[in-house]
Structures are given as C-alpha cells and as structure tokens.
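Engineer: My questions are about this predicted structure, shown below with the sequence.
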Amino acid sequence: MLLRATPTEEQAKDVDFSLVVGELFTLVVYAQLVLENAKLLGERAADPDLVDQIFDVLVRDFSRHAVDLYTKPAGTAAQMDYALKLVRKPVHDAARYERVWGKVHALKDAYEMNP
C-alpha cells in the first residue's frame, strides 16, 4: 500500500491516520517474530496450536485496523481499496481453541505474585 498509495504530506501529519498505519506494521513485525521464535524453539517448545491461536488474534487485530484505516476521512480511494484487501477472517478451529484454553487453564494458581 505504501508504494502504490503513498500517504500524502497532509496524511503524514495526521496523527490519527499515522497511528493506524503504524498499528498495521507493528502487527506484521510481531507476526514475523512469533514465526521466527517458533521455528527456533521447534514444536516441543512452541506448540503449533498456540502459534495458530496467536495468529487467530493477530489476523483479527490486523483486520480491525485495516477497517479503521478504510474509514479514515483522510484516506484516498486507492488507500481505501488497499485497506479492504487487507481484511481477512481467521480460520476458526474450536478444537484448537479448547486445547490451548485447557493448557492455559491448567496453569491457574501455578504462579503467585510477590507481595
């Protein structure tokens, strides 16, 4: 989007517009870090279910920010077009969610904060 529908000078000064674009790029970086770390740790340490569930959240967040970008009054027609192309629905897997939740719930009361 930034190559073909580059923000104008006015948009670059618009904090609200810039923050949404920044959110999108931040999520891409986080996703890359999750994947790199999962590869380094291997499946024994980085449970594929957990990685998939993290991406479920990242995809929903990314789509939410893309819709937010689409609705910005300062957006051009080309930027709005690109923003809509970024919206995706994550693959829902109820069994995966339950497996991850079960592991998380099993940690209940396993940790205690220092007083």
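Structural biologist: Arrived safely, thanks for sending.
Engineer: And the helices in the chain?
Structural biologist: Assigned by DSSP state H, the helices in the chain fall at 9-13, 15-45, 48-70, 77-85, 94-106.
Engineer: Tell me which of the ones you listed sits most buried.
Structural biologist: Burial of the helices of the chain is given as mean neighbour count (mean count of other CB atoms under 10 Å); helix 48-70 ranks first at a mean of 17. C-beta here means a position set from N, CA and C on the backbone, and glycine is covered the same way.
Engineer: Work out the gap between it and the centre of the chain.
Structural biologist: 4 Å (CA atoms, centre = their mean, to the nearest Å).
Engineer: contact partners of that helix?
Structural biologist: 17, 20-21, 23-24, 27-28, 30-31, 34-35, 38, 75, 79-80, 83-84, 86-93, 96-97, 99-100, 103 (CB atoms under 8 Å, 6 or more residues apart in numbering).
Engineer: Can you find the helix or strand of this protein with the lowest average pLDDT?
Structural biologist: helix 9-13 (a mean of 88; mean pLDDT, DSSP states H and E).
Engineer: And for that one, what's in contact with it?
Structural biologist: With contact meaning CB under 8 Å, 6+ apart, helix 9-13 is reached by F17, S18, A74, G75.
Engineer: Of those residues, just say which sits nearest to E43.
Structural biologist: Closest approach to E43 among the contacts of helix 9-13 (CB to CB): S18, at 38.6 Å.
Engineer: Tell me the pLDDT of that closest one.
Structural biologist: Per-residue confidence at S18 stands at 93 (pLDDT).
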